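Novice: Just the structure for this:
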Amino acid sequence: LKWNMGWMHDMLDYLAMDPIFRKYHHGKITFSLMYAFNENYLLPLSHDEVVHLKKSLLNKMPGDGWQQFANLRAFFGYMYTHPGKKLLFQGGEFGMRSEWSEARSIDWHELQHESHQKLHRYVRDLLHLYTREPALWQVDDSWAGFEWLSANDNENSVIAFVRRARDPDDLLVVVCNFTPNPRHGYTLAAPRAGFYRELLNSDAESYWGSNLGNLGGVQAAPADWSSSGYVLALTLPPLSTLILKPDPRPRGPDAPAAADTARPAGDAAADAGVPAGAAEIGAPVPRAGEIPPVLGKILHPGDEPNPPPLP
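Specialist: Numbering: from 1, shown residues only. Below you'll find the model as predicted:
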């Protein structure tokens, strides 16, 4: 694996800016895809970035305390859905305020505070989602696993893309809003028809967010201008990453089974198509046709969405 230092520097430079200026530097968050598949890359947030007066990841973020945490959650959401393997140095997962030092332990006591505790919960859920969804790790080395839906909306500082597994029908839609302004009715092309469940929303109250979202999911609507013939009209929370997944297509009794996504036989986790370490993490693995659980969902009891039947 080659450390993608260009991605790391571009992202940290971009996120250090006041959001009002980010639209002038939009290329910093999209340029990495110009070369993402030329090497086998690792996205590094190592100890080198949180020492020697460089500030901790949380303190690199602009704004008040709430915006700093929201920026960091949105950043981690983009990092873990971007092609490439991941490296996150200790302390970043709960937003340690001070720089790291080899002379003392990391500041575990900060987990007594709700903001740090809920960021820790978010990273936990993000890691579980990563290990559970083959679309996020099976095809990291080619365009077959990635497709832009919106790469050039610099005015709104929004990006959207699709991640796909080896089975191209196993996909996720990722949308990032890098401004503190919520976007209502934000429309982008959908990869296909269906009901898209909001699997993860970094702005959920359970992650110390403002609790703005899409009430569990959105039905793709017909539209002539989209190449698939369908679009999604989404609510984008402030400083957020959304991860959505379309419900499985209905299959008839004679329809072929879903493509085999398992890795070569070797152990139980690999045979189930799970990346190394997932069995220890304990992430649930949905089977073909199973609807995955929603993490950090913004719903009230009894509000689980019931999508309309497909035409």
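Novice: Quick check: buried residues in the top helix by length along the chain?
Specialist: The longest helix of the chain (DSSP state H) is helix 114-132. Neighbour counts using 16 or more other C-beta atoms under 10 Å place 115-123, 125-132 of helix 114-132 among the buried residues. For glycine as for every other residue, the C-beta is placed from the backbone atoms N, C-alpha and C.
Novice: Next: stretch 156-166.
Specialist: Asn156, Ser157, Val158, Ile159, Ala160, Phe161, Val162, Arg163, Arg164, Ala165, Arg166.
Novice: Arrange those residues in TSV, one row each, with distance to Asp10 and pLDDT as further columns.
Specialist: As requested, the buried residues of stretch 156-166 are exported to TSV (distance: C-beta to C-beta, whole Å; pLDDT from 0 to 100):
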residue	distance to Asp10	pLDDT
Asn156	19	97
Ser157	14	98
Val158	17	98
Ile159	13	98
Ala160	18	98
Phe161	16	98
Val162	22	98
Arg163	20	98
Arg164	24	98
Ala165	27	97
Arg166	29	97
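Novice: Closest one to Ser227 out of these, please.
Specialist: Val162 (12.0 Å; C-beta to C-beta).
Novice: so how far is the one helix or strand the closest one maps to off the chain centroid?
Specialist: Using DSSP states H and E, the element containing Val162 is strand 158-164. With C-alpha atoms, centre = their mean, to the nearest Å as the basis, strand 158-164 stands 9 Å off its chain's centre.
Novice: Adjacent strands (with direction) for it?
Specialist: Partners of strand 158-164 in the sheet, by DSSP bridges, are strand 146-153 (antiparallel), strand 171-177 (antiparallel).
Novice: Show me which positions of the shortest one end up buried.
Specialist: Of the residues in strand 171-177, those with enough neighbours to count as buried (16+ other C-beta under 10 Å) are Leu171, Leu172, Val173, Val174, Val175, Cys176, Asn177.
Novice: ok, and what's touching the strand holding Val162?
Specialist: 29-30, 78, 81, 83, 133, 135-136, 139, 144-151, 153, 170-179, 183, 186, 188, 191, 236 (C-beta atoms under 8 Å, 6 or more residues apart in numbering).
Novice: Quick one: buried ones out of those residues?
Specialist: Buried among those (16+ other C-beta under 10 Å): 29-30, 78, 81, 83, 133, 135-136, 139, 145-147, 149-150, 153, 170-179, 183, 186, 188, 191, 236.
Novice: Identify the residues contacting the residue lying closest to Asn71 once chain neighbours are set aside.
Specialist: The shortest distance from Asn71 to any non-neighbouring residue, by C-beta to C-beta, 6 or more residues apart in numbering, is to Met61 (4.0 Å). Contact analysis of Met61 by C-beta under 8 Å, 6+ apart lists Leu15, Ala16, Gln67, Gln68, Phe69, Asn71, Leu72, Phe75.
Novice: What of Thr81?
Specialist: Counting by C-beta under 8 Å, 6+ apart, Thr81 has contacts Leu136, Phe161, Arg163, Leu172, Val174, Thr241, Ile243.
Novice: Just the closest of the residues you listed to Glu49, please.
Specialist: Thr241 (20.1 Å).
Novice: for the strand or helix carrying the closest one, packing partners?
Specialist: Assessed by DSSP H and E, Thr241 sits inside strand 240-246. With contacts taken as 3 or more C-beta pairs under 8 Å, 6 or more residues apart in numbering; DSSP states H and E, strand 240-246 sits against helix 65-81, strand 171-177, strand 195-201, strand 230-236.
Novice: and the helix or strand that the second one is followed by, which strands flank it?
Specialist: Read it as strand 171-177. Next in sequence after strand 171-177, counting helices and strands by DSSP H and E, comes strand 183-189. Strand 183-189 sits in its sheet next to strand 230-236 (antiparallel), going by DSSP bridges.
Novice: Okay, angle between the partner strand and strand 195-201 too, please.
Specialist: 30 degrees (axes from the mean of the first three to the mean of the last three C-alpha atoms, to 10 degrees).
Novice: Determine the angle, from 0 to 180 degrees, between strand 230-236 and strand 240-246.
Specialist: 150 degrees.
Novice: Now for Lys2, how many residues are close by?
Specialist: 11 (other C-beta atoms under 10 Å).
Novice: so who does the residue most central in space within the chain touch?
Specialist: With distances taken as C-alpha atoms, centre = their mean, Gly77 lies nearest the centre of the chain, 3.5 Å away. In this structure, Gly77 makes contact with Leu126, Val174, Cys176, Leu200, Ser202, Ser240, Thr241, Ile243, judged by C-beta under 8 Å, 6+ apart.
Novice: From the residues you listed, pick the one nearest Trp225.
Specialist: Val174 (21.3 Å).
Novice: Perfect, that will be all.
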